[in-house]
Each structure stands twice: as C-alpha cells, then as structure tokens.
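Asks: Sequence and predicted model, in that order:
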Amino acid sequence: LFQYDSGRDGYIDLMELKLMMEKLGAPQTHLGLKNMIKEVDEDFDGKLSFREFLLIFHKAAAGELEEDSGLLTLAKLSEIDVSIEGVKGAKNFFEAKAQALSSASKFEAEIKAEQDERKREEEERKHRRAAFRELKSAFTQ
C-alpha cells in the first residue's frame, strides 16, 4: 500500500490512488476514483488510511462490493503474482497479508463496536425526542 503513498503521510489520496490503479492496469475516471474512496472512507477525509485500505479486502471477501466497483478490481488485481514478484516478494506479501488478516479480525470487532455504539446513540436520541414531544404536548393542551 504505502509504496504508492508518495506523500509519505500514511494515506492514499486521490492522485496516489489514480497512479496505483494505472500501475495495476485498471485506470479509473476522476469520478470513479472519488467513488472508490467514498465507498470505504469511514472518516470522510477524502483519502484512504491503512485501516480503510484493509476494509476494501474485507468487503471484497464478504461480497459487499459492486461488480463494477473499482475497489473490486483493486482487490482482485492486488493479489500477488509469484511469477512476477518472485518467492521473496510473495513471502513478504503473505506475511503482510497474514498480519493484515489478524488485525482485520480485531478491526472487524472495532467496526462492530462502533456501529453498535452509533445505533445505541441513535436510539437514545429518538427516545429523548419522543420524551420531549410528550412533555411539550402536555404544556400545549
């Protein structure tokens, strides 16, 4: 991932994603690139963190990416080709992938916890609004 992070800021921005997709042989339109980022950009900063980058592979494995999605193309093309990379490159890739998978399950738990927290907060807000409306109606009669 970070071989494409030319800005060395720990993120893949639109231009870096454009270069990555071109190097993978699957160039995308400007709008396509923006949509790719938007599909996994959890913090809405317009760029991909390592965590968001891992989310691409998680969603691809779970079948949650659109068939015409640039992210699905990215996930498929990013798999290692031993004949090109050589055994050492493949070993590094698989070690990184194994590391990513172990952090992916921790990552899934974090995402689930965040989603549960958001649902709980939304339920609380609905409950407070309903209670407020009840109270308000008692005063307006």
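Replies: That came in fine, so what should we check first?

Asks: Tell me where the model's unsure across this structure.
Replies: Within the chain, the set of residues satisfying pLDDT under 70 comprises 1-2, 79-109, 141.

Asks: just the strands in it please.
Replies: Listed in chain order, the chain contains no strands at all (DSSP state E).

Asks: Please, where are all the helices along the chain?
Replies: Along the chain, the stretches classed as helices by DSSP state H are 14-23, 30-40, 50-61, 70-77, 82-139.

Asks: and those helices as a markdown table, adding mean neighbour count and distance to residue 6?
Replies: (Glycine included, C-beta is placed from N, CA and C.) Written out in a markdown table, the entries for the helices of the chain read as follows (neighbours: other Cβ atoms under 10 Å; distance: least, Cβ to Cβ, whole Å):
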| stretch | mean neighbour count | distance to residue 6 |
| --- | --- | --- |
| helix 14-23 | 17 | 6 |
| helix 30-40 | 16 | 15 |
| helix 50-61 | 18 | 15 |
| helix 70-77 | 19 | 17 |
| helix 82-139 | 11 | 19 |
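
Asks: Same list, those helices, but as CSV with distance to residue 4 please.
Replies: Formatted as CSV, the entries for the helices of the chain read as follows, by distance: least, Cβ to Cβ, whole Å:
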stretch, distance to residue 4
helix 14-23, 4
helix 30-40, 13
helix 50-61, 10
helix 70-77, 11
helix 82-139, 14
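
Asks: Which among the ones you listed is found nearest to residue 5?
Replies: helix 14-23 (6.1 Å; Cβ to Cβ).
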